[in-house]
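Novice: Need a 3D model of the sequence below.
(one chain, ligands or ions: 2)
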Amino acid sequence: MFTARSAFSTIGRRAFSVSAHQSSKVTILGAAGGIGQPLSLLLKLNPRVTDLALYDIRGGPGVAADVSHVNTKSKVTGYDPAPEKLKAALEGAEIVLIPAGVPRKPGMSRDDLFKTNASIVRDLAKAAADYAPNAKLLIISNPVNSTVPITAEVFKAKGVYNPKRLFGVTTLDVVRASKFISEIQGTDPAGEEVTVVGGHSGVTIVPLLSQSNHPSIDGATRDALVKRIQFGGDEVVQAKSSAGSGGSATLSMAFAGSRMADSLLRASHGETGVFEPAFVQSPLYKDYGCEFFSSRIELGPEGVKEIHPVGKVNKYEEGLIAIALNDLAANIKKARHCDTPPIYAITDPRIGSGVCQGKPISRR
Ligand SMILES: NC(=O)C1=CN([C@@H]2O[C@H](COP(=O)(O)OP(=O)(O)OC[C@H]3O[C@@H](n4cnc5c(N)ncnc54)[C@H](O)[C@@H]3O)[C@@H](O)[C@H]2O)C=CC1
Ligand SMILES: O=C([O-])CC(=O)C(=O)O
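Specialist: Ligands and ions are numbered 1, 2, ... in the order given. All right, here's what the predicted structure looks like:
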């Protein structure tokens, strides 16, 4: 498992095993922002990255100049906001990460960012479809539940959509789950892995504690832990607001985004058995209006190698999944300019009724 402690030692060790002829250009769109800057730094430390392209509507070249002084081999280039610069930033990219857009303020949901971020992501996705149609695209900008389907539509319209290469980044949810469960159990987070499925906002984030090392966590402890994992983002938004800085998670997100990019690079460079969660086009809950769903994915050279089923869940988790599917279906529909409300709503997960849109949830 990739943890904060292992990140740099792993990168350091692997520096000797990355062969000289493997070149991997990674592009960040939104590189000068709260996430973009630490993400640029973490990717500069990754020996698998040979070229780092940093684009932003403001400040890209400044961040690039700064991070380029870090004495690792990769070449860093910053780009000003102009169509030809965006083209140059994207051409030849193996991975494109998109954290461009506005973050939440207290009291806002991720869905409240739709109005601003949907068009930002749509326009950047158009450029990516034109200039880097074969790149693996990692969407960080919220609301991920909608920005990923929007990107898919853009790629379809341009005739270059490959569902194996489009990822909504949900890595932060498993990073948080592993950390929060270790705090309760008094264990090392490096040894804690919690599967998280669904989407990336509030109740659409479904931790499967029954599949963790601590399946017997129950009652109020379980409820509080699930809620903390689902609303971990709000914790950071509140803390930053109280501290006067504003914004949402940036450092932990940069760590999570860098881990996801590293996993894709490892898989594309031939490593097998690389797994990450990601919000991808998925058959698992398509019948419930959720053409996109996050679950454990095996990564390969093409991107998605295999989408793993959710696996055995308990009644409580069935209830959580049912709630998640209702919200997720609405978020996905909204991305397609259809904002009808959920058809069926469950308000109490403890009922564990596991019903969504009138259909029972099966254990997929
Ligand atoms: N997927 C996840 O788990 C997480 C997602 N996020 C999301 O990531 C996004 C970015 O968050 P922060 O970095 O904190 O925001 P920020 O405001 O600090 O940075 C955003 C950057 O995007 C740039 N930008 C805006 N429009 C652009 C465009 N058209 N082209 C290129 N660059 C553009 C801005 O100039 C700015 O530098 C937000 O939508 C936030 O909600 C944040 C944390 C976790
Ligand atoms: O909470 C937010 O708005 C940012 C985010 O997605 C997260 O921290 O998980």
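
Novice: Hmm, residue 90 and residue 131 touching each other?
Specialist: Yes - using CB atoms under 8 Å, residue 131 is in contact with residue 90, at 3.9 Å. Where C-beta positions appear, they are placed from N, C-alpha and C, glycine not excepted.

Novice: more neighbours, these two?
Specialist: More neighbours surround residue 90 than the other of residue 131 and residue 90, with 24 against 19 (other CB atoms under 10 Å).

Novice: could you list every residue that touches that one?
Specialist: Neighbour list for residue 90: 27, 53, 96, 127-128, 130-132, 135 [criterion: CB atoms under 8 Å, 6 or more residues apart in numbering].

Novice: run the last query once more with 7 Å
Specialist: Neighbouring residues of residue 90 by CB atoms under 7 Å, 6 or more residues apart in numbering: 27, 96, 127-128, 131-132.

Novice: Please apply the same query to residue 276.
Specialist: 171, 260, 263, 297, 299.

Novice: nearest to ligand 1, of those residues?
Specialist: Among the contacts of residue 276, residue 171 lies closest to ligand 1 (CB to the nearest ligand atom), at 7.3 Å.

Novice: what's the nearest residue to that closest one if we skip its chain neighbours?
Specialist: Distances taken as CB to CB, 6 or more residues apart in numbering place residue 256 nearest to residue 171, at 3.9 Å, with adjacent residues excluded.

Novice: Surely the one you found is in contact with residue 174?
Specialist: No - assessed by CB atoms under 7 Å, residue 256 is found out of contact with residue 174, at 8.3 Å.

Novice: Next, count neighbours for the residue of the stretch 251-364 of the chain found nearest ligand 1.
Specialist: Residue nearest to ligand 1 within the stretch 251-364 of the chain (CB to the nearest ligand atom): residue 253, separated by 3.9 Å. Per other CB under 10 Å, the neighbour tally for residue 253 reads 23.

Novice: Quick check: it touching residue 171?
Specialist: No - with contact defined as CB under 7 Å, residue 253 does not reach residue 171; the gap is 8.7 Å.

Novice: ok, back up a step: the residue nearest to residue 171: neighbour count?
Specialist: Neighbours of residue 256 (other CB under 10 Å): 24.

Novice: Then residue 137?
Specialist: Number of residues near residue 137 (other CB under 10 Å) recorded here: 27.

Novice: Could you do residue 57 as well?
Specialist: Residue 57 is flanked by 14 other residues according to other CB under 10 Å.

Novice: In this structure it contacts residue 79, no?
Specialist: No - at 10.3 Å, residue 57 does not count as touching residue 79 under the criterion of CB under 7 Å.

Novice: Now residue 83: closest residue in space, sequence neighbours ignored.
Specialist: Distances taken as CB to CB, 6+ apart put residue 127 closest to residue 83, at 7.8 Å, once the chain neighbours are dropped.

Novice: Residue 167 now?
Specialist: Nearest residue to residue 167, sequence neighbours excluded (CB to CB, 6+ apart): residue 278, at 4.3 Å.

Novice: In contact with that neighbour, which residues?
Specialist: Neighbours of residue 278 in contact, by CB under 7 Å, 6+ apart: 167-170, 294, 297.

Novice: Mind doing that once more with 6 Å?
Specialist: With contact set as CB atoms under 6 Å, 6 or more residues apart in numbering, residue 278 has these partners: 167, 170, 297.
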